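Asker: Structure for this input, please:
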Amino acid sequence: MGAQPVLEQLYRQMCRIRYVEQAISELWRAGLVSGEMHLGIGEEAVAAGVVAHIEDGDALSVDYRSTPPFVARGVDPEAIFREILGDERGLDGGRAGHMHLMSRRHLAAATGIVGASAPVACGFGLAAALGDRKRIAVAFFGDGAVNEGMLMESLNLAAVWALPIVFVCKDNRWAVTTRSKAMTAGGLRRRVRGFGIPMSSVDGTDVEAVWRVAKRAVSRARAGRGPSVIVARVQRSEGHFIGDKLLDVATHPRVLVAEVRRLLREVRVDRGAPVSARLRSLSSLTRTMGLAALDPVRSRRDPLARARRRLPSYSSESIEQAAHAEITAALAVARAGLVGAHA
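Answerer: Okay, here's the model as predicted:
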């Protein structure tokens, strides 16, 4: 870990992450992946800036937007593609999908349970505290997890036992379809302060800023001084998952009008709650849809674009071309393997 961030290296990782996420989106839209798909587009700077400080023997515990930290950690993109495609030659034998990726070699594990990355990180952290005291654990989670009891319990446990953990909250201000601030009392900073854990806030679209904040937190953990919390402000570009109906309706006015008209008809004829109460619910729904559409526009700060502006054009173009070629080749091999397996 150097004294200063090397932007070229960070940008390379961000490009690799972005191209992997775009490739996964392509697979999903082609109907090759079943179920929901939660992408981490917009979180590249957080993954690259934090994972840059991870060393062999350190552990990663991540949420269901798992691929960015896995790619940054050095997990083979081809193995990830194969896994998501259900190929038995994938990272976990084709059984984990995208929400439960695991790499024993990289000590990296993902979970689809909101907030569950924190207690897993506590297990890693306790193992490090009892064994190699230079090792640390990092837990990634979203702001929607801050009301989960297991996260609060994990913060308490990490503080009481001074576990070497860096908790990273990716704050996109949304918990599925609900504004986080509308359902969170007190805020995360006050809660963390109550445990006596230091917390830093950072612009999650600025990879160099993330790198510096993560450096302090990781150094603190390695020195045996206990856990830290990083809150990185990011944006959600695809809704909660690809094809999020709330975002689709909100971003297409004609669809929105038709949807509201349909709901109004149902309000008029359905029995149950009084019409006034149902109209209030409808008003709340349309307001939420509007916020979902406006939120990404208001905070349109692409992390790759920000990093690119700080690099010479010849350097950024070279990095982009190399990363694109690598990921495109990995995707082609994974898709060819899928065809071959069904031939």
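
Asker: wait, R212 sits on P5?
Answerer: Yes: between R212 and P5 there is a contact under C-beta atoms under 8 Å: 6.9 Å. No exception for glycine: its C-beta is placed from N, CA and C like everyone else's.

Asker: Those two: which is more packed in?
Answerer: Comparing R212 with P5 by neighbour count (other C-beta atoms under 10 Å), the higher total belongs to P5, at 20 against 15.

Asker: From S313, how far off is the spatially most central residue of the chain?
Answerer: Note on the chain: the residue nearest the mean C-alpha position is R65, at 4.2 Å, using C-alpha atoms, centre = their mean. Per C-beta to C-beta, to the nearest Å, R65 is found 31 Å from S313.

Asker: Can you name the residues that contact the residue nearest to the residue nearest to the centre of the chain when sequence neighbours are not counted?
Answerer: Nearest residue to R65, sequence neighbours excluded (C-beta to C-beta, 6 or more residues apart in numbering): G40, at 4.1 Å. Each residue near G40 by C-beta atoms under 8 Å, 6 or more residues apart in numbering is listed here: 17, 21, 47, 65-68.

Asker: Could you list which of those belong to helices?
Answerer: 17, 21, 47, 67-68 (DSSP state H).

Asker: tell me the SS of A217?
Answerer: Secondary structure assignment for A217 (DSSP: H, G, I helix; E, B strand; the rest coil): helix.

Asker: Ignore what I typed, I meant S34.
Answerer: S34 ends up coil, using three-state DSSP.

Asker: what pLDDT does it get?
Answerer: We have a pLDDT of 78 for S34.

Asker: For it, grab the count of nearby residues.
Answerer: A total of 9 residues lie near S34 under the criterion other C-beta under 10 Å.

Asker: What lies in contact with stretch 75-94?
Answerer: When contacts are defined by C-beta under 8 Å, 6+ apart, stretch 75-94 is touched by residues 16, 20, 23-24, 27, 32-33, 67, 70-71, 96-98, 100-103, 106, 108, 326-327, 330-331, 333-335, 337-338, 341.

Asker: Return the backbone torsion pair for A59.
Answerer: Main-chain dihedrals, A59, degrees, to the nearest 10: phi -120, psi 150.

Asker: doesn't S117 make contact with it?
Answerer: No: A59 is beyond contact range of S117, at 10.7 Å (criterion: C-beta under 8 Å).

Asker: Please say which of those two ends up with more neighbours.
Answerer: S117 (30 against 23).

Asker: dump the residue contacts of that one.
Answerer: Going by C-beta under 8 Å, 6+ apart, the list of residues near S117 reads 61-63, 110-111, 139-141, 145.

Asker: do that again at 6 Å, thanks
Answerer: The contact partners of S117, by C-beta atoms under 6 Å, 6 or more residues apart in numbering, come to 61-63, 111, 139-141.
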